[in-house]
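> Quick one: sequence plus predicted model below, questions after.
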Amino acid sequence: MGAVTYHNIILGDGIPKICVPITGRTDEEILQQSEAIRKEAERLAEQGVRPQPVVDIVELRVDYYEHVCNQTMLTELLSKLREQHKDRQILFTFRSEEEGGEFRHDRAGGMLEDIRSWAMVSGCIDLLDVELMSGNYRVVRTATKARDLGVGVVVSYHNFEETPHNSTMEDLLWDMEQLGGDILKIAVTPKNRFDVDRVMEILELVKEGKTSQPITKPVVMISMTEPGKRTRTEGAKLGSAFTFAYVGSGSAPGQLPLEEMAKELQ
């Protein structure tokens, strides 16, 4: 498993990073959540729970944002977030309804390529999420443009029904890397403890270079819901590039509060 660097933060170097999502619908809600994240990170750093910046990545879930189809408003919002989080990476994510997103915009689906382009050319984001299931051509085209603009690409796969077979998950990671992913993310749903164990096994195989096909990019592996919580802490210790925590409320089943996560990863 390799490592990549964006704005002086190294992903995949064995040091677990913490990503906190923002899920507000309005500019006011988003900026309030953003400020709450910044203040909580500062509080935990002052207590010595974890060194600065505590929160390494802030994820803007724009599938929640009511003005996502307005370039001017979206760009202004990103500029304000960049100002609040100068020492952190900003991950820009439009999660589809099929993969757990809050799809409330009739126009956004058809404008998704434009929306991502606005974010990338704004100069305010570091990382961009692209779903593997959106299609090979779209992933490659987006990854190519992102690379030209100095933006890292998180190619992601979410399954809220099950945990696929081990060989399928290995194939998914391989596909993500071949299509241009800089960080490869899989989040699945366990039906039992064995499913959680399998996610951990895949991550360990990646770390040791023992997958059926070599994976050289940083990987994020998550088993969602309560039974899979340990993948969010132990997975990071096994080499998962980053893990998710929340301030206020989470964006996916099984996320831990930031303070609890920060203490787990000391």
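Happy to help now that I have it.

> list the buried ones in the lengthiest helix in the chain?
Secondary structure of the chain per DSSP state H: the longest helix is helix 27-46. Counting neighbours by 16 or more other CB atoms under 10 Å, one finds that the buried residues in helix 27-46 are 27, 30, 31, 33, 34, 37, 38, 40, 41, 44, 45. Every C-beta, even on glycine, is put in place using the N, C-alpha and C of the backbone.

> Over to stretch 218-226?
Across stretch 218-226, burial judged by 16+ other CB under 10 Å covers 218, 219, 220, 221, 222, 223, 224.

> now do stretch 233-245
Buried-residue list, stretch 233-245, by 16+ other CB under 10 Å: 233, 235, 236, 238, 239, 240, 241, 242, 243, 244, 245.

> For the stretch 101-250 of the chain, just list every one of the strands.
Using DSSP state E, counting those that start in this stretch, the strands of the stretch 101-250 of the chain run over 127-131, 152-158, 183-188, 219-223, 242-246.

> any chance of those in TSV, plus mean pLDDT and distance to residue 259?
Converted to TSV, the strands of the stretch 101-250 of the chain look like this (pLDDT from 0 to 100; distance: least, CB to CB, whole Å):
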stretch	mean pLDDT	distance to residue 259
strand 127-131	97	24
strand 152-158	97	25
strand 183-188	96	22
strand 219-223	94	20
strand 242-246	92	8
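
> As a markdown table, the ones you listed with distance to residue 92 would be great.
Below are the strands of the stretch 101-250 of the chain laid out as a markdown table (distance: least, CB to CB, whole Å):
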| stretch | distance to residue 92 |
| --- | --- |
| strand 127-131 | 5 |
| strand 152-158 | 9 |
| strand 183-188 | 13 |
| strand 219-223 | 16 |
| strand 242-246 | 15 |
